[in-house]
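Engineer: mind looking at a prediction? Sequence and model below.
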Amino acid sequence: MFNKKRLIQTESLSYAISVKSTLNDHNIPYTERVDAGSGWMQFITLLFVSGRGSYGLNSDHKQTYSFYVNEDRYEQAVKLISRL
């Protein structure tokens, strides 16, 4: 991810959704990555994060959510999510 810095990495779905909403509300472009173990699980997880599924309620499955922003917007993004 050229010229991007990792803003956060979390296993909390609710926090990931809050970060995503905050970045969207302030028009900060981001790239998100969900590591869920396999391609199928990742697909289902992405559906859940986007509000179109129910995967992720089972605590036996752990996902890691990472958000990356452009270097020039990094400081602004850090300040915004520090309020969450």
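Structural biologist: In hand now; what should we look at? Just so it is clear, the model here is predicted, and its values are computed rather than measured. Residues are numbered from 1 along each chain as shown.
Engineer: quick one: contacts for the residue nearest to R33 when sequence neighbours are not counted?
Structural biologist: Spatial nearest neighbour of R33, excluding adjacent residues (CB to CB, 6 or more residues apart in numbering): S66 at 4.5 Å. (Glycine included, C-beta is placed from N, CA and C.) Residues counted as contacts of S66 (CB atoms under 8 Å, 6 or more residues apart in numbering) are R6, I8, Q9, E32, R33, V34, D35.
Engineer: go with 6 Å
Structural biologist: R6, Q9, R33 (CB atoms under 6 Å, 6 or more residues apart in numbering).
Engineer: sketch out the strands for the chain, chain order is fine.
Structural biologist: Here the chain has its strands, by DSSP state E, at 4-10, 30-35, 64-70.
Engineer: show me where the chain has helices.
Structural biologist: Counting by DSSP state H, the chain has these helices, from start to end: 13-25, 39-49, 74-81.
Engineer: lowest mean pLDDT across those, which one is that?
Structural biologist: Of all the helices of the chain, helix 39-49 carries the lowest average pLDDT, namely a mean of 63.
Engineer: most tightly packed of the strands of the chain?
Structural biologist: strand 64-70 (a mean of 19; mean count of other CB atoms under 10 Å).
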